[in-house]
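Engineer: Show me the folded form of this:
(2 chains)
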Amino acid sequence: QKEVEQNSGPLSVPEGAIASLNCTYSDRVSQSFFWYRQYSGKSPELIMSIYSNGDKEDGRFTAQLNKASQYVSLLIRDSQPSDSATYLCAVNILRPLWGNYQLIWGAGTKLIIKP
Amino acid sequence: DGGITQSPKYLFRKEGQNVTLSCEQNLNHDAMYWYRQDPGQGLRLIYYSQIVNDFQKGDIAEGYSVSREKKESFPLTVTSAQKNPTAFYLCASSPRDRRTNEKLFFGSGTQLSVL
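Structural biologist: Next comes the predicted model:
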């Protein structure tokens, strides 16, 4: 089982609709969760971080965290063609041998917004 | 402007050759990281450094080497021992603060290919 799992997609969503991206993780004690957006050939950019159970909203983006189910999601409202990108989920996972946390990345979900 | 500069953008390696990827930051961040990204996969940690003159191996350090002689600079050498070096290489940095050090700032990346 991978430590952080995402559906690779592509996920195709009509313009103006809600895009829903999902991520599951294996480490029950993880405390920090991140969503990065990556355009083709470019570097990832942070769009949302979430640390507590529940929803966190920032503009058209909402991150949802459920630690009991080990599940984090990203909702994009009023999807625009410019939202077409790969969305990477990253989770801080404890590394006992290192004595600290390491950021572990999912493989990403490719999102396509159809005009 | 503060940021992270990676160079070159594209790099070609001949068999048996060592090549060095440059990473410079002027964000005054203590921590720096090197990641490798292959198509359809998440980012994998090669090396990281939390402070000048100290660095640690990540999950896939074999065939790579780094140095951290200055706070601003964290070059990565891909040695001839790395038999499959073709990938997109990303350098990142973060503040050392325990709460905020998880937010990564990325350079624009280097695409390395084998001739």
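
Engineer: so where's chain A uncertain?
Structural biologist: Applying pLDDT under 70 to chain A picks out residues A:1, A:98-99.

Engineer: Quick check: residues of it near chain B?
Structural biologist: Contact residues (Cβ under 8 Å from any Cβ of the partner chain) of chain A with chain B: A:4, A:8, A:32, A:34, A:41-46, A:49, A:88, A:90, A:92, A:98, A:101-108. In short, each C-beta sits where N, CA and C put it, glycine included.

Engineer: Tell me the buried residues within the residues you listed.
Structural biologist: Among those, the ones that count as buried by 16 or more other Cβ atoms under 10 Å in any protein chain shown are A:4, A:32, A:34, A:43-44, A:46, A:49, A:88, A:90, A:92, A:101, A:103-108.

Engineer: Out of the residues you listed, which sit inside strands?
Structural biologist: A:4, A:34, A:46, A:49, A:88, A:90, A:92, A:101, A:103-105 (DSSP state E).

Engineer: What is the nearest of these to chain B?
Structural biologist: Nearest to chain B, judged by Cβ to the nearest Cβ, of these is A:Trp105 at 3.4 Å.

Engineer: which residues touch residue 53?
Structural biologist: Going with chain A. A:Asn53 sits next to A:65-68 when contact means Cβ atoms under 8 Å, 6 or more residues apart in numbering or on different chains.

Engineer: oops, I was thinking of chain B
Structural biologist: B:68-69.

Engineer: Same check on the one 3 residues further on?
Structural biologist: If you count contacts by Cβ under 8 Å, 6+ apart, B:Gln56 has them with A:98, B:47-50.

Engineer: Redo those as a markdown table? Include distance to B:Gly109 and secondary structure.
Structural biologist: Formatted as a markdown table, the contacts of B:Gln56 follow (distance: Cβ to Cβ, whole Å; DSSP: H, G, I helix; E, B strand; the rest coil):
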| residue | distance to B:Gly109 | secondary structure |
| --- | --- | --- |
| A:Trp98 | 25 | coil |
| B:Tyr47 | 16 | strand |
| B:Tyr48 | 17 | strand |
| B:Ser49 | 19 | strand |
| B:Gln50 | 22 | strand |
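
Engineer: Take these and lay them out in CSV including distance to B:Glu72.
Structural biologist: Below are the contacts of B:Gln56 laid out as CSV (distance: Cβ to Cβ, whole Å):
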residue, distance to B:Glu72
A:Trp98, 25
B:Tyr47, 16
B:Tyr48, 16
B:Ser49, 12
B:Gln50, 15
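
Engineer: any idea which of the residues you listed is closest to B:Arg68?
Structural biologist: B:Ser49 (4.3 Å; Cβ to Cβ).
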